[in-house]
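Visitor: Okay, sequence plus prediction incoming.
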Amino acid sequence: MIDSDPNLRPDPLPGDMDRALRPQTLDEFVGQAEARSNLKVFIQSARQRGEAMDHTLFHGPPGLGKTTLAQIIARELGVGFRMTSGPVLAKAGDLAAILTNLEAR
């Protein structure tokens, strides 16, 4: 009898399948060709300047890829990504705590 190595076949962690299916780069992101093209220019320009990318606002109903796109941008810029949502920010101190704990580039 051969025992399977638990390191080779680990139990999936919550979100593993979701993470595996999400696009990891702008090239893998489907749709919005013009927006993707613009974002590529913005990202490349920010990298060349060695500065943060200008502010970008995504809006729309849930499930359209806004968070995924934000994660892709952070990944392509080589910076960390911190996610929150409006209902989590109950008071001004909540946002201050998040901003205070951000890491320098």
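Guide: Nice, I can see it. Numbers count the residues shown, from 1 in each chain.
Visitor: contacts, neighbours, all on C-alpha from now
Guide: OK.
Visitor: Okay, buried residues for stretch 39-53 please.
Guide: Neighbour counts using 16 or more other C-alpha atoms under 10 Å place 39, 40, 42, 43, 53 of stretch 39-53 among the buried residues.
Visitor: Just send those back as a markdown table, with pLDDT and distance to residue 91 too.
Guide: A markdown table is the format used below for these (pLDDT from 0 to 100; distance: C-alpha to C-alpha, whole Å):
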| residue | pLDDT | distance to residue 91 |
| --- | --- | --- |
| 39 | 96 | 32 |
| 40 | 97 | 35 |
| 42 | 97 | 33 |
| 43 | 97 | 32 |
| 53 | 94 | 28 |
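Visitor: Can you tell me which of the residues you listed is nearest residue 61?
Guide: residue 39 (20.4 Å; C-alpha to C-alpha).
Visitor: List the residues that contact residue 60.
Guide: By C-alpha atoms under 8 Å, 6 or more residues apart in numbering, the contact set of residue 60 is residue 66.
Visitor: Would you mind measuring from it to residue 67?
Guide: Distance, residue 60 to residue 67, using C-alpha to C-alpha, to the nearest Å: 11 Å.
Visitor: cool, residue 95 as well?
Guide: In this view, residue 95 and residue 67 are 18 Å apart by C-alpha to C-alpha.
Visitor: Apart from its neighbours in sequence, what residue is nearest the residue most central in space within the chain?
Guide: To find the centre residue of the chain, average its C-alpha atoms and take the closest one (C-alpha atoms, centre = their mean): that gives residue 71, at 1.2 Å. Closest residue to residue 71 apart from its sequence neighbours, by C-alpha to C-alpha, 6 or more residues apart in numbering: residue 81 at 6.4 Å.
Visitor: which residues sit in contact with that neighbour?
Guide: Applying C-alpha under 8 Å, 6+ apart, the residues contacting residue 81 are 71, 74, 75.
Visitor: Which ones among the residues you listed lie within strands?
Guide: Among the contacts of residue 81, no member is found in strands (DSSP state E).
Visitor: Out of those, the closest to residue 99 would be?
Guide: Set against residue 99, the nearest of the contacts of residue 81 by C-alpha to C-alpha is residue 74 (16.1 Å).
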